[in-house]
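Participant: Pasting the sequence and the predicted coordinates here, then a few questions.
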Amino acid sequence: MNILIDYLPTTIEIDKKKYEIHSDFRTSIIFALMMQDDSLSEEEKLLGALKLYYPIIPDNVEEAINKIYWFYSRGNIEEDNKKVKQGKRIFKRNNKRAYDFETDSDLIFTAFMSQYNINLNKENLHWWEFMALFNSLKDDNEIVKIMNYRTIDLTSIEDKKERKMYADLQKYYSLEDRISKEEQELLNKKRAEWG
């Protein structure tokens, strides 16, 4: 699929039948957040994904799920599968999480506004468009700086002062273990109470 010459998909073909798929970037961001949510079972995640992407869920559920992964990976599922087999994840660089759509939402919003003059609150962008723009953010955007801090290979830095500075920045901007398991459980209870 070539984003320059091909129309971006808004339908998926399963068993020779076309199904509409929600292609707006918000759908795929919710999907990413749902897949990272440890409070959901795998079954809940898959059922949630089907409801999220398909207005009418296809009968062939297994293929429908495969097509979700294909869509989310922007048609590059083989490349993403290769990354996973090599111990890398779509969200990771140097085996470290580079970004999080929840934690970094303000930074991502601001980067799109400043670089592209796109208000993500008002625009309807196809997921593939959104990711093409996200992957092309300039180095002077705060989110890109922070992604680089999070993923820099500290062993590649010779100078001890500089290495310590980047280690401190990694710790400060870390996405890992931001809150304890107990705090997360309490937060989940509060969210359930709020409805």
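Facilitator: Yep, that arrived. Numbering: from 1, shown residues only.
Participant: Quick check, central residue of the protein?
Facilitator: A32 (4.8 Å; CA atoms, centre = their mean).
Participant: Verify the stated contact: that residue with E102.
Facilitator: No. Taking contacts as CB atoms under 8 Å, A32 lies outside contact range of E102: 9.2 Å. Where C-beta positions appear, they are placed from N, C-alpha and C, glycine not excepted.
Participant: Would you check that L40 makes contact with G48?
Facilitator: Yes. L40 is within contact range of G48, at 7.1 Å (criterion: CB under 8 Å).
Participant: before we move on, the earlier item: the residue nearest to the centre of the chain belongs to a helix?
Facilitator: Yes. With DSSP: H, G, I helix; E, B strand; the rest coil as the criterion, A32 is part of a helix.
Participant: For it, give its distance to A167.
Facilitator: A32 sits 28 Å away from A167, going by CB to CB, to the nearest Å.
Participant: Kindly report the same for R74.
Facilitator: 33 Å.
Participant: Looking at those two, which is more packed in?
Facilitator: Set R74 next to A167 and count neighbours by other CB atoms under 10 Å: R74 wins out with 22 against 14.
Participant: For the more buried one, give me its contacts.
Facilitator: 1, 127-128, 131 (CB atoms under 8 Å, 6 or more residues apart in numbering).
Participant: at 10 Å what do you get?
Facilitator: 1, 3, 8-9, 28, 80, 126-132, 135 (CB atoms under 10 Å, 6 or more residues apart in numbering).
Participant: Equivalent analysis for F109, please.
Facilitator: Applying CB under 10 Å, 6+ apart, the residues near F109 are 118-121, 143.
Participant: And for E13?
Facilitator: Going by CB under 10 Å, 6+ apart, E13 touches 19, 58, 63, 67.
Participant: ok so, going back, residues bridging contact with L40 and G48, i.e. touching both?
Facilitator: Residues touching both L40 and G48 by CB under 10 Å, 6+ apart: M34.
Participant: Any idea which helix or strand in the chain has the lowest mean pLDDT?
Facilitator: Using mean pLDDT, DSSP states H and E, helix 77-85 stands out as the lowest-scoring helix or strand of the chain, at a mean of 51.
Participant: Show me the domain layout of the protein.
Facilitator: Residue ranges for each domain of the chain read 1-90, 91-195, as given by automatic domain parsing.
Participant: now the strands for this structure?
Facilitator: 11-14, 17-20, 92-93, 96-97 (DSSP state E).
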